[in-house]
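Enquirer: no letters, just coordinates:
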């Protein structure tokens, strides 16, 4: 029975090919040029989504090969190995073994192999060859390999691997015709020849027995069954949840095998890995010619500067400044245009429709609500332009290398830096950008604290409060009090983000091992197409998903602020009578210790649509004639005067004092008052658990800190 | 079942230490890997006898950049410390 699983396998489930179109899976290491190849093969005919239940991206495209031949092309996440260690790898393995109900098992595998990094790439190939599916190997990055003095002989690789091997230059141009022809023939090829590596004899026998049980109990074909048997034997005991899907005799067999192998002194994960690498080394020796002395590459020279202990950081900070500046100021031009467009649309629709509730709902609910969201689009596009460029050139890995020490102190990752930095502009693109962080734990931590970074939507609130209540006096000769106040809000947000990260790292996420393990790819010229596609994908995801949630919530908020109607009342009286006004008065006892009254309560509630709504909500409550203050500056000015003049009828003292203004700003720094962020966090963490936790902890934090600031200030006689 | 002949590695236990003990430009051979990322590190190529070189160390005790199997990987000091190596003169 030995060798049974390694013998050629009849293609399993022959009816699969007749059922709909056939699918090829694109598999390869991260940085192997897989995405570029996928884009080159499918163009714009891509469908991007998530695998149900996890945040692993699912990309599928159509591959037209002429003569009416057309396949589906499934782009699996970039992988180093099929050992299920990360969510990406679990998905990739389950798809390739045909375990997922939402994705039929692919008919063949297209394995992208980086010729400049052959050994580690062929390690994955060695695993793929064991799955019993036809495999086509594509060699990319041949030019990078040549620059390093490495020549890979594709014909020799083809002979030793026993599967077709095609070389491509940069995923386009030469070699493409031969590659497309090989793709067209691929699903009809036999599976790869028998396995070339061997386990120690006892382990080999146990794996065979286990493979037999898997075939009997679960109807697996011999090749996937043997691959699964090896994986089960190599699975660490603390991952026993992986065993639950298998029948009882199999679980018992695995438990017994572990004892036997342990007793024989065989470490299965090590034995499997070393056997594969030993085989890969043999293959590489036969197929690769190396220069006597490896030349110093451009990448090496660039890294002497970019990773320099002084210049590296100087260049990094300069680049970050450009990104920050772009998101903060360049994005405001298109954002203003979008705002103006939305206002114009609202005005036009308002004139076209008869006055009434429907008009109000469409103009002030739907159009204004969607407008508040679409305004973030330029920032998202710009950030993803930069991130795609940084990632595609290979610089992102360098930035992570430089920043990791600082970030790891609080459990974050070197790659957390850019998402957090962009959260100063807006947390939404920041949170979407956490997808570049491979460590799930560091990614979640980054998402949890990103909204504490003071975003640009808080600026209108700061501007209103500082303009009205912070006296313009000089401090220490060079600083002004308003500027210092503004700066301290940014410092507060940053300190809070790092402090909470440290806290969560030691409590909530304790026990999960932090990992860094970052590959340093060679520098490459970015692909224009990849950059554009990535920007487009992110923009579309944002508009579609966040847009639908935000639209519905804005309509709810509009309803709360507009009903019940108080006929004949002034607009401020109408707001007071509305559900929102009642809610504001209902929460007054909770916010009174912070120095806030019910009117500010309405402001806080309506800020949940977007923080800057606070200003217009206050404008409505204080009955500022918006027609006389058509631009925001005038509105802020006249509103500031009204706020200063407002007197509490019970105490006869001012409602707003400089201390209340500071307390309010502190609350805005720390509280989660952003619908769009909640929607994006829900999407990126795949459920309501984390966004709800985030709302809870940030609200509690905001309340406690504001309480300390306000009550402390009063105790010091600042009230 | 025939094994490739390998140079004897880590047999004498003379100059063994964690990978993080190496300075910039120093070369070593892998003896064994421990720690929570053991499996992943082995799959990335840190198998017994593999030659590794510390290419660079980040400032302030940050990550190390290591060359192995003709590619470059950076890892944190504690991750590197889980890889026992034998210095190559």
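Expert: Perfect, thanks for sending it. Predicted model, so just to flag it, every value in this text is computed and none were measured. Residues are numbered from 1 along each chain as shown, chains lettered A, B, ... in the order given.
Enquirer: ok, now how distant is the residue of chain B found nearest chain A from residue A:307?
Expert: Going by Cβ to the nearest Cβ, chain A is nearest to residue B:62 of chain B, at 3.5 Å. C-beta coordinates here come from the backbone N, C-alpha and C atoms, glycine included. From residue B:62 across to residue A:307, the span is 10 Å (Cβ to Cβ, to the nearest Å).
Enquirer: which residues are common contacts for those two?
Expert: Jointly contacting residue B:62 and residue A:307 under the rule Cβ atoms under 8 Å, 6 or more residues apart in numbering or on different chains are A:401, A:402.
Enquirer: which bits of the stretch 451-600 of chain A sit near chain B?
Expert: A:513, A:515, A:516, A:517, A:518, A:519, A:520 (Cβ under 8 Å from any Cβ of the partner chain).
Enquirer: change it to 10 Å
Expert: By the rule Cβ under 10 Å from any Cβ of the partner chain, the part of the stretch 451-600 of chain A lying against chain B is A:512, A:513, A:514, A:515, A:516, A:517, A:518, A:519, A:520, A:521, A:522.
Enquirer: select only the buried ones of these in PyMOL?
Expert: Listed next is the PyMOL selection for buried residues among these, using 16 or more other Cβ atoms under 10 Å in any protein chain shown:
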select buried, chain A and resi 514+515+516+517+518+519+520+521+522
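Enquirer: among the residues of the stretch 451-600 of chain A next to chain B, which ones are in strands?
Expert: A:518, A:519 (DSSP state E).
Enquirer: which of the residues of the stretch 451-600 of chain A next to chain B lies closest to residue A:582?
Expert: residue A:512 (44.3 Å; Cβ to Cβ).
Enquirer: quick one: pLDDT of that closest one?
Expert: pLDDT, residue A:512: 67.
Enquirer: residue A:612 against residue A:459, yeah?
Expert: Yes - using Cβ atoms under 10 Å, residue A:612 is in contact with residue A:459, at 7.8 Å.
Enquirer: neighbour-wise, which of those two wins?
Expert: More neighbours surround residue A:612 than the other of residue A:612 and residue A:459, with 20 against 15 (other Cβ atoms under 10 Å in any protein chain shown).
Enquirer: what residues are up against that one?
Expert: With contacts defined as Cβ atoms under 10 Å, 6 or more residues apart in numbering or on different chains, residue A:612 is in contact with A:372, A:375, A:456, A:457, A:458, A:459, A:460, A:461, A:463, A:464, A:632.
Enquirer: what's around residue A:463, how many residues?
Expert: 18.
Enquirer: show the pLDDT at it.
Expert: 81.
Enquirer: how close does the residue nearest to residue A:647 when sequence neighbours are not counted sit to chain B?
Expert: Excluding the flanking residues, the one nearest residue A:647 by Cβ to Cβ, 6 or more residues apart in numbering or on different chains is residue A:654, at 6.0 Å. Distance of residue A:654 to chain B, computed by Cβ to the nearest Cβ, to the nearest Å: 49 Å.
Enquirer: for the stretch 601-719 of chain A, give me the ranges with low pLDDT.
Expert: Low-confidence segments of the stretch 601-719 of chain A, defined by pLDDT under 70: A:623-637, A:719.
Enquirer: how is chain A partitioned into domains?
Expert: A:15-188, A:311-461 (automatic domain parsing).
Enquirer: coming back round to it: in contact with the residue of chain B closest to chain A, which residues?
Expert: A:309, A:401-408, A:414, A:516, B:74, B:76-77.
Enquirer: just the buried residues of these.
Expert: Buried by 16+ other Cβ under 10 Å: A:401, A:402, A:403, A:404, A:405, A:407, A:408, A:414, A:516, B:74, B:76, B:77, out of these.
Enquirer: which ones among those residues map onto helices?
Expert: Counted as lying in helices by DSSP state H, out of the buried ones among the contacts of residue B:62, are A:401, A:402, A:403, A:404, A:405, A:407, A:408, B:77.
Enquirer: turn the residues you listed into CSV, including pLDDT and distance to residue A:160.
Expert: Below are these laid out as CSV (pLDDT from 0 to 100; distance: Cβ to Cβ, whole Å):
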residue, pLDDT, distance to residue A:160
A:401, 94, 35
A:402, 93, 40
A:403, 91, 42
A:404, 92, 39
A:405, 91, 43
A:407, 91, 43
A:408, 90, 42
B:77, 92, 39
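Enquirer: can you redo these as CSV with distance to residue B:47?
Expert: Shown next, in CSV, are these (distance: Cβ to Cβ, whole Å):
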residue, distance to residue B:47
A:401, 24
A:402, 29
A:403, 30
A:404, 25
A:405, 28
A:407, 30
A:408, 27
B:77, 21
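Enquirer: of all those, which comes closest to residue A:686?
Expert: residue A:407 (23.9 Å).
Enquirer: mind listing the strands for the chain?
Expert: In the absence of a named chain, chain A is used. For chain A, the strands defined by DSSP E occupy A:23-28, A:46-50, A:57-64, A:70-75, A:108-114, A:135-140, A:150-152, A:165-167, A:288-290, A:474-475, A:479-480, A:518-519.
Enquirer: try chain B instead
Expert: B:16-18, B:27-33, B:51-57, B:64-68, B:71-75, B:83-87.
Enquirer: can you give me the angle the last one makes with strand B:51-57?
Expert: In other words, strand B:83-87. For strand B:83-87 against strand B:51-57, the angle by axes from the mean of the first three to the mean of the last three Cα atoms, to 10 degrees is 100 degrees.
Enquirer: how about strand B:83-87, does it reach chain A?
Expert: No - legend: contact between strand B:83-87 and chain A by Cβ under 10 Å from any Cβ is lacking; minimum distance shown is 11.5 Å.
Enquirer: what's the answer for the shortest one, then?
Expert: No - residues of strand B:16-18 are not located near chain A by Cβ under 10 Å from any Cβ, the shortest gap being 15.6 Å.
Enquirer: which helices and strands does that strand pack with?
Expert: strand B:27-33, helix B:77-81, strand B:83-87 (3 or more Cβ pairs under 10 Å, 6 or more residues apart in numbering or on different chains; DSSP states H and E).
Enquirer: each with direction, which strands does the last one pair with?
Expert: Taking DSSP bridges as the criterion, strand B:83-87 forms sheet pairs with strand B:16-18 (antiparallel), strand B:27-33 (antiparallel).
Enquirer: tally of neighbours for residue A:64?
Expert: Look at residue A:64: counted by other Cβ under 10 Å, it has 14 neighbours.
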